[in-house]
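K.L.:
Give me coordinates for this.
(2 chains)
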Amino acid sequence: MEGKKIKLAIGIGSTCEGCGIAILDLNEKILDLASLADIVYWVLGLDFKLSDLEKFKEKEIDVSIHHGTIRTSEHVHVAHLLREKSKALIAFGSCSCFGGIPGLCNVTTREEIFEVAYKQTPSTINPEFVTPQTKITQNGHDLTLPELYDEGRALSQVVDVDYYLPGCPPVVELIERLIPIIKDFLETGNLPAKGTVIASEKTLCDECPLERENKMLDKIVRPHMIIPDPKRCLLEQGIMCMGPATRGGCGARCINVLMPCRGCMGPTAEVSDQGAKMIGAIASILGAEKEKDLSDEEIERLMDQIKDPLGTFYRFTLPVASINKAFQKKGAK
Amino acid sequence: MEEKTKSRRITIDPITRLEGEAKIEIFLNDEGDVENAYFQVVELRGFERFCQGRPVEEMPRIVPRICGV
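P.N.:
The predicted structure follows:
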């Protein structure tokens, strides 16, 4: 076994590369990773080209990590390459696991995005409304671009995925868990059960340090409206917090600096739609103590206090949510 | 001529060690000097559009995902 290493590839979709930086944030532990794995493809960290990935034989790579949303034809190509060339494929980060923040593009269309980004933004001067084309000829040279799709997708909506490591970006404590998994694979050939999510099986509320008093909510507030009590549950103080609908494992990193959870870890195992779960959780505590006395108008008034339900409840998971289908049918809006 | 033109094209895809995806196409003339070079950004996410409708206080938690490096 001495000196034997696995082949590890890191491929991307539409990404901010925060996931790549999170891997580098392993710091000295990256040496443990390097002692177990030869990195054979990594755009951010090393100098490999797409053609290097294309040259691998089927299943020649042992483990591939994918991060980023599937947004273009090139992302689909990379996803299929990683799947075909790898024995195990890990969706890494919220974009790859659930579609992530770039997946919010599903509220709109490619044409609307072009219109805003290349025409309407105040800093843009583009009188001829030049927009990206998949093929142009310039000075006699053919130039191509990947096709941008209307829709953003999670990796699992394009290829078969073996494991999930959520977070935006995943915390180092969870990334470190890959090291013994890779070590075990190298030494015994064993891999975890397919579909394993490398995170907590409980909700964020289970690891949240703030105190809950099981109080009912009579109002929802925006951050500038109150100074929160730093010891009490933010949701019970009226601040929208996705904790009840979100998988734990992040160490309550946002809560520890009194920022409410936005749900980057995605739903827990028994929940398929994170936003629907959160809406249910809120409905059960919002003015419920007095619910019998509330008129329809009062209930509506309370629900109206939730600003931007879509961007709050589906911040990181819109492409994999059931509500996503409604957007795809209607197109824009 | 077609073949010659093709062999005088240098493609760097992707450009590495950065956030955002890009490629470079370099075209050489008969003397082997650079005739034209193109830097192409090969993706767009549309933050400009999908940030519309989100509360202003959420922007500091959405737009950092433009670049995480």
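
K.L.:
so A:P166 touches A:G266, yeah?
P.N.:
Yes: if you go by CB atoms under 8 Å, A:P166 and A:G266 touch, sitting 4.8 Å apart. Every C-beta, even on glycine, is put in place using the N, C-alpha and C of the backbone.

K.L.:
between these two, what contacts are shared?
P.N.:
Shared contacts of A:P166 and A:G266 (CB atoms under 8 Å, 6 or more residues apart in numbering or on different chains): A:S94, A:C97, A:F98, A:R247.

K.L.:
How many neighbouring residues does the first one have?
P.N.:
So that's A:S94. 32 (other CB atoms under 10 Å in any protein chain shown).

K.L.:
Tell me the confidence at A:V107?
P.N.:
Reported pLDDT at A:V107 in the predicted model: 94.

K.L.:
Am I right that A:E84 falls within a strand?
P.N.:
No: going by DSSP: H, G, I helix; E, B strand; the rest coil, the assignment for A:E84 is helix, not a strand.

K.L.:
Quick check: closest non-adjacent residue to it.
P.N.:
Once flanking residues are discounted, A:E84 sits nearest to A:E58: 5.8 Å by CB to CB, 6 or more residues apart in numbering or on different chains.

K.L.:
Against chain B, how distant is the one you found?
P.N.:
As defined by CB to the nearest CB, to the nearest Å, A:E58 lies at a distance of 23 Å from chain B.

K.L.:
And the strands in chain B, which stretches?
P.N.:
B:9-12, B:22-28, B:34-41 (DSSP state E).

K.L.:
isn't B:Y38 right next to B:D13, touching?
P.N.:
No: B:Y38 is beyond contact range of B:D13, at 11.6 Å (criterion: CB under 8 Å).

K.L.:
Between A:P166 and A:G266, point out the one with more neighbours.
P.N.:
Using other CB under 10 Å as the criterion, A:P166 and A:G266 rank with A:P166 on top: 30 against 25.

K.L.:
Which residues are in contact with the more buried one?
P.N.:
A:G93, A:S94, A:C97, A:F98, A:V197, A:A199, A:R247, A:G249, A:C264, A:M265, A:G266.

K.L.:
Mean neighbour count, mean pLDDT and distance to chain A for the strands of chain B - can I get that in a markdown table?
P.N.:
Compiled in a markdown table, the strands of chain B are given as follows (neighbours: other CB atoms under 10 Å in any protein chain shown; pLDDT from 0 to 100; distance: least, CB to the nearest CB, whole Å):
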| stretch | mean neighbour count | mean pLDDT | distance to chain A |
| --- | --- | --- | --- |
| strand B:9-12 | 12 | 93 | 7 |
| strand B:22-28 | 17 | 94 | 5 |
| strand B:34-41 | 13 | 94 | 5 |
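
K.L.:
The closest residue to chain A within chain B: what's it in contact with?
P.N.:
Residue nearest to chain A within chain B (CB to the nearest CB): B:G68, separated by 2.3 Å. B:G68 is in contact with A:T15, A:C16, A:E17, A:G18, A:C19, A:G20, A:I21, A:P169, B:E19, counting by CB under 8 Å, 6+ apart.

K.L.:
Name the nearest residue to it, ignoring sequence neighbours.
P.N.:
Nearest residue to B:G68, sequence neighbours excluded (CB to CB, 6+ apart): A:G18, at 2.3 Å.

K.L.:
What is the burial count for that neighbour?
P.N.:
The burial count for A:G18: 22, using other CB under 10 Å.

K.L.:
ok now do it, which residues does it touch?
P.N.:
A:G93, A:C168, A:P169, B:P64, B:R65, B:G68, B:V69.

K.L.:
Could you single out the nearest of those residues to A:K215?
P.N.:
A:C168 (29.4 Å; CB to CB).

K.L.:
what separates the residue of the stretch 1-150 of chain A found nearest chain B from A:F98, distance-wise?
P.N.:
Here the stretch 1-150 of chain A gets closest to chain B at one residue, A:G18, 2.3 Å apart by CB to the nearest CB. Going from A:G18 to A:F98 by CB to CB, to the nearest Å gives 15 Å.
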